[in-house]
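Asker: let's see this in three dimensions:
(chains A, B and C)
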Amino acid sequence: MLRLELRGEMSRSMIYWSPFFAVILTFIAGMIMFTILGVDPLKAIITFFIEPLNSLDGIAELFVKATPLVLIAIGLSFGFQANVWNIGAEGQLTIGALAGGGVALLFFNVDSPLLMPGMLIAGVLGGMAWAAIPAFLKTKFGTNEILTSLMLTYVGLLVLSYLIHGPWKDPEGQNFPESRLFHDAAIIPIILEETRLHFGWIIALFGVAIAWVVMTRHMIGFQIRVIGMAPMAASFAGFKEKHIIWLTLMISGGAAGLAGTIEVSGPVGQIIPVISPGYGFTAIIVAFLGRLHPVGCLFAGLLMALTYLGGDNAQIEMNLPNAVTGVFQGMLLFFLLASDVLVRYRVRFGAAKKVTAGEGA
Amino acid sequence: MPEWIVPALLTIITASTPLVFAAIGEIVVEKSGVLNLGIEGMMIVGAIFAFGVGVTTGSATLAILAGAIGGAAMAFLFGFLTLYLLSNQVATGLALTIFGLGFSALLGHGFVGKTFPGLPRLEIPFLSDIPFIGPLLFGHDILVYASVVAVALVTYMLTKTRTGLLIRAVGENHFAAHSIGYSVNKIRMACVLFGGAMAGLGGSYLSLAYTPLWVENMTAGRGWIALALVVFASWKAWRAFFGAYLFGGITIIQLHAQGFGVEIAPQFLAMLPYLATIVVLVLISSDSSRARLNAPACLGRSFHASG
Amino acid sequence: MTEEIPRLELEGITKAYPGVIANNNVSMKIMPGEIHALLGENGAGKSTLVKFIYGVQKADSGTLKWEGEEMIIPNPNAARKLGVGMVFQHFSLFDAMTVEENIAIGISKELASGDLNQRIRDVSQQYGLPLDPDRYVHTLSVGEKQRIEVVRCLLQDPKLLIMDEPTSVLTPQEVDELFVTLRALSEEGVSILYISHKLQEIKDLCHFATIMRMGEVVDDCIPAEESPRSMAEMMMGANLVSPEKPGKTEPGAPHLVVRDLSLASSHQHGVDLKNVSLEVRKGEVLGIAGIAGNGQMELMQVLSGEKLIDDPSAVSIGNEAVGKSGPKIRRNAGMGFVPEERLGHGAVPEMSLWENAFLSGSKSMNLMDKGFINIKGSVDYALNIVSEFNVKTPGVQHTANSLSGGNLQKFIFGREILQCPGVIVALQPTWGVDAGSAAFIRQSLLDLAANGAAVLVISQDLEELFEVSDRLSVICEGELSPPRPAEEFTVEEIGLLMAGLSHDHQDEKVAHA
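Answerer: Numbers count the residues shown, from 1 in each chain, chains lettered A, B, ... in the order given. Predicted coordinates for the structure are as follows:
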């Protein structure tokens, strides 16, 4: 019989160990799953997690996929630490991509070095604008941000669908629902020749560094953490909850919008019906796996990016359905949440239950 | 009376039934003090379980049963993590949704493109033949009737029975319930499983009756709308029933608007249910005194008997 | 008369939690009809022992005999079947339900069926515990809530009634009424296990007392033959040291002034503040007595700036009107606060001590540079608090929730006092704190006042208020009685004011404002 015993203090080492447990457990569960699917589990794991990385191109691709995940996840971490549950990053990414991409289409053929920064700023503002709706509703009416931000994701995706089926459809595109291809000044520069690795990765790394400083050394991060852990103590200290709600939603919305613009101006190069394969949702897992810590998000983002590459590779090599990626991501989060019990509780074996005889009386 | 009215009202019923199931289940879950945000995940798994079993066996009964089991199995995962491993309920609910969408897509891989004949209608002799009222009230499949019965039973159970009293008690003050001698987590687990089975039934209805085929992500946010309905209904089952029909109605307007010659891009019409959800949430939450009146005091808080 | 079989006999009960032995080899006997006191300080192990008797928790070892028969009580249902009833210190009630529902849920299914409503009325009539079964619990006073618990027990014809700190929330008059009921029950042969640390009550009520300290039974006595002081010394195992009031100094000018403050509570079950006016002068301690839930929380929030008022001059410090300013501005004006809830309000449980020191000291102790946290400065400040206020902790990197209640409270007081506030407001300063720490805290409040600060203490503990206060006032249903010198009050008079029964001073109040 296992029992849980509350630790007097959280275990700091377990905070960092638990993601590793989760990864190992996910591997084991994944192998069981592959066996059930009738696939050689070892081969599947290799195809999924090793093969994608055995070329320079593969590694570059890993960074490309990790860029939006890391950016969005560090943004979400701010909110999650303050118990502000923005789960509509996918929508903010979409609107950000439309804002940034819209600038590219508006200044089509304008060859200015200012275009790219302009697009990125527009992307940030677009994401912020979309996140401002739940922020406003929550601070003004107390409306639950989980539901509003999620509903707005569906709305955002429909806005995208409307624009590329209508006003923004490529006039020379044989009626495909896609925008025109961006011109060169609106494409984010490649930083490693012969690959798709682009400047967005550098932006993501900057994001990690800035977020780390703000989160651990600055009053802003301190306020966010206090509000999340003890809202009453925050009001005792005079921290204003509404400011923090706005701040964290602006940070997470802005980061998602930036990621969206980087997606359309980097790997894709135009606005297409599916801008993101669910980066906004996967980033939630990244944030938790990364312990809501910027550096953690960096590593977790790389791991999650690998599940995307692995899913693609497994589809090509072994004809496995792409949905395996989603299953892996979900399992990872489950196992992480389960392992986190060790942070607050100690697992004891039934020793303390010896008691007196005849327990069933 | 124009002749399109009856078919339109019938489609409202089919569009609303999945929401009724999911919302009623979640009301019981939340009354016990647990916030399960994973309805979407439980619904979609219920949908594919039901569809898979239905297509394979050809039996509607087995399909419905499988749908409920699928939802409950997912709920068990959630209950185990949140109640016994004390994980964060919000995060675990999100995980359930993400996992459910992936898992159902994996299971449904081989079922894309197949069809299910739909659920048989339970015609009631004579009654079904009454014009207007007959087809509207007496020509439905078993799940539509079941959803109405579920509303009545849950209302009765929560307000009039000792079981309901216990559920409300653990949701209201789990420490007190524990010190009086009730097993908080057992009661909560039972509620969570019930909620999962109901969400599974809602999902089954989607894949067996509403659009009898399998499409990835076919729940399209209905699980989240059901969550909003629970708030809208201030945790009262009969109100959730009306709320679900309101939303069903909005969905149907969206489908039929073009038939009436309304010149709006379909995307904007498709936004309606989501925008309506937001509007409803705002209306409810701005009247905070009412919203909080019925909210279970321990909603979303883990319970661990210590000290 | 043949030797009576004890109703309950415990032998060698031991229960260990990680790091603490809550009960060590505890043995005691309770006879039929006996009112038996279980006396001890907070943390002495009384609650653990009681939870064991009531089947909420299992012991590691030891035996329990019920009417001479050895048995194990696996859960509260079994305890109730035997005839054990319990009234909890923190009531096991459900606010959003009616009295009848609350009672139904706490008794067996069979008992709850039939005309429960009428039986509740009958029993409450019979024992002088008036109660309306159809009212919602959140509309009741604390005393009425306690009656629900008592009636719940009585409906089950208990043979042993356990009462955990039953009087901590009652007015002196309500206490008297409760004692009448308890004595009547005792006459009928019901045993009562009465848990308390209030010595006068035990002397008045109980036939026998078992005294616990640090998880062990250290002594027993017949309370009628002891003095409160002698029992206190048994309880603490040391001679009592009362805080000393430093030599009487003339209080200075009013420093914290509240004028005609009215505020509707935003909380559903909260209390509205009505025309509250008060002045705390430099160098004095003003005490506010009252039963919990009469507006103390609301008053604290208004004073600390967690709740703002439209009229800025309703609260002022010195000459500065701060009614509309938040906590930061009030701190800058020289206010310090100690809220009731240590974990989660006064301190962030999961943050380290140095971060908790930074929490309220960031500005006044200069621990911030352009928004960046001065970690070294914060750590030094925390170390300083720890050493000056005798906080027992292995280090300031440890989190607040790793400290005992008394140590954390000393840390919070230290954090506020070292910022040299001109005004300090403390709500329930020594609630749930061990006697040593409580004495230390009271002494530091007196010292602070002696150094010229205005000190406001809001407390339910009358002994504490008489010990520290120069002037006293009573809050009842959001109204404040006019403050008068503490030595002019008798306990009875305060009791009447606490119950809202005395309106003799209404005129005086007007004159005072």
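Asker: A:Leu188 sits in which helix or strand?
Answerer: For the record, residue A:188 is Ile, not Leu. Per DSSP states H and E: A:Ile188 is located in neither a helix nor a strand.
Asker: and what of C:Ile288?
Answerer: strand C:285-289.
Asker: which other residues reach that strand?
Answerer: Identification of contacts with strand C:285-289 by Cβ atoms under 8 Å, 6 or more residues apart in numbering or on different chains yields C:278, C:280, C:296, C:299, C:445-446, C:449, C:454-460, C:462, C:465-466, C:468-475, C:480, C:483, C:486, C:494, C:497-498. All C-beta spots, glycine's among them, are computed from the backbone N, C-alpha and C.
Asker: now for the next helix or strand after that strand, which elements pack on it?
Answerer: Tracing the chain past strand C:285-289, the next element assigned as helix or strand by DSSP H and E is helix C:296-304. Packing partners of helix C:296-304 (3 or more Cβ pairs under 8 Å, 6 or more residues apart in numbering or on different chains; DSSP states H and E): strand C:254-263, strand C:273-281, strand C:335-338, strand C:423-427, strand C:454-458.
Asker: low-confidence ranges, the stretch 101-250 of chain A, go.
Answerer: Nowhere does the stretch 101-250 of chain A drop to pLDDT under 70.
Asker: which positions in it make contact with chain C?
Answerer: A:217-220, A:222, A:225-226, A:229-230, A:232-233, A:235-238, A:240 (Cβ under 8 Å from any Cβ of the partner chain).
Asker: looking at these, which are in helices?
Answerer: Applying DSSP state H to these, the entries found in helices are A:Arg217, A:Met219, A:Ile220, A:Phe222, A:Arg225, A:Val226, A:Met229, A:Met232, A:Ala233, A:Ser235, A:Phe236.
Asker: who are the neighbours in contact with the third one?
Answerer: Spelled out, that is A:Ile220. A:Val214, A:Leu247, C:Gly371.
Asker: how about 7 Å then?
Answerer: A:Ile220 sits next to A:Val214 when contact means Cβ atoms under 7 Å, 6 or more residues apart in numbering or on different chains.
Asker: flag the shaky bits of the stretch 151-300 of chain B, pLDDT-wise.
Answerer: The stretch 151-300 of chain B contains residues with pLDDT under 70 at B:258-261, B:288-293.
Asker: can you count the residues close to the residue nearest to A:Ile146 when sequence neighbours are not counted?
Answerer: Spatial nearest neighbour of A:Ile146, excluding adjacent residues (Cβ to Cβ, 6 or more residues apart in numbering or on different chains): A:Trp85 at 4.7 Å. Neighbour count for A:Trp85, taken as other Cβ atoms under 10 Å in any protein chain shown: 22.
Asker: can I assume A:Trp85 is in contact with A:Thr148?
Answerer: No. A:Trp85 is not in contact with A:Thr148 according to Cβ atoms under 7 Å; the separation is 10.5 Å.
Asker: taking the stretch 1-150 of chain B, what residue is nearest to chain C?
Answerer: The minimum distance from the stretch 1-150 of chain B to chain C, using Cβ to the nearest Cβ, falls at B:Lys31 (10.8 Å).
Asker: need the strands for chain A, in chain order.
Answerer: Taking DSSP state E as the criterion, chain A contains strands spanning A:2-6, A:345-349.
Asker: mind putting those in a markdown table, distance to B:Phe116, mean neighbour count and mean pLDDT included?
Answerer: Below are the strands of chain A laid out as a markdown table (distance: least, Cβ to Cβ, whole Å; neighbours: other Cβ atoms under 10 Å in any protein chain shown; pLDDT from 0 to 100):
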| stretch | distance to B:Phe116 | mean neighbour count | mean pLDDT |
| --- | --- | --- | --- |
| strand A:2-6 | 43 | 14 | 71 |
| strand A:345-349 | 45 | 14 | 74 |
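Asker: mind checking how far the residue nearest to A:Val268 when sequence neighbours are not counted is from chain C?
Answerer: If the residues on either side of it in the chain are set aside, A:Val268 comes closest to A:Ile275, at 6.9 Å by Cβ to Cβ, 6+ apart. Separation of A:Ile275 from chain C (Cβ to the nearest Cβ, to the nearest Å) stands at 36 Å.
Asker: count of neighbours near A:Ile275?
Answerer: 26.
Asker: next up, the contacts around it.
Answerer: So A:Ile275 contacts A:Thr94, A:Ala97, A:Leu160, A:Gly260, A:Glu263, A:Val264, A:Val268 (Cβ under 7 Å, 6+ apart).
Asker: just the closest of those residues to chain B, please.
Answerer: Taking Cβ to the nearest Cβ as the measure, chain B lies nearest A:Leu160 of the contacts of A:Ile275, at 8.8 Å.
Asker: how near is the closest one to A:Gln92?
Answerer: Distance check for A:Leu160 against A:Gln92: by Cβ to Cβ, to the nearest Å, it reads 12 Å.
Asker: which among the residues of the stretch 101-250 of chain A next to chain C count as buried?
Answerer: Listed as buried from those are A:218-220, A:222, A:225-226, A:229-230, A:232-233, A:235-238, A:240; burial here means 16 or more other Cβ atoms under 10 Å in any protein chain shown.
Asker: which members of those residues define the maximum pairwise distance?
Answerer: A:His218 and A:Met232 (22.5 Å; Cβ to Cβ).
Asker: where does the stretch 51-200 of chain B come near chain A, residue by residue?
Answerer: B:81, B:85-88, B:90-92, B:94-95, B:98-99, B:101-103, B:105-106, B:109 (Cβ under 7 Å from any Cβ of the partner chain).
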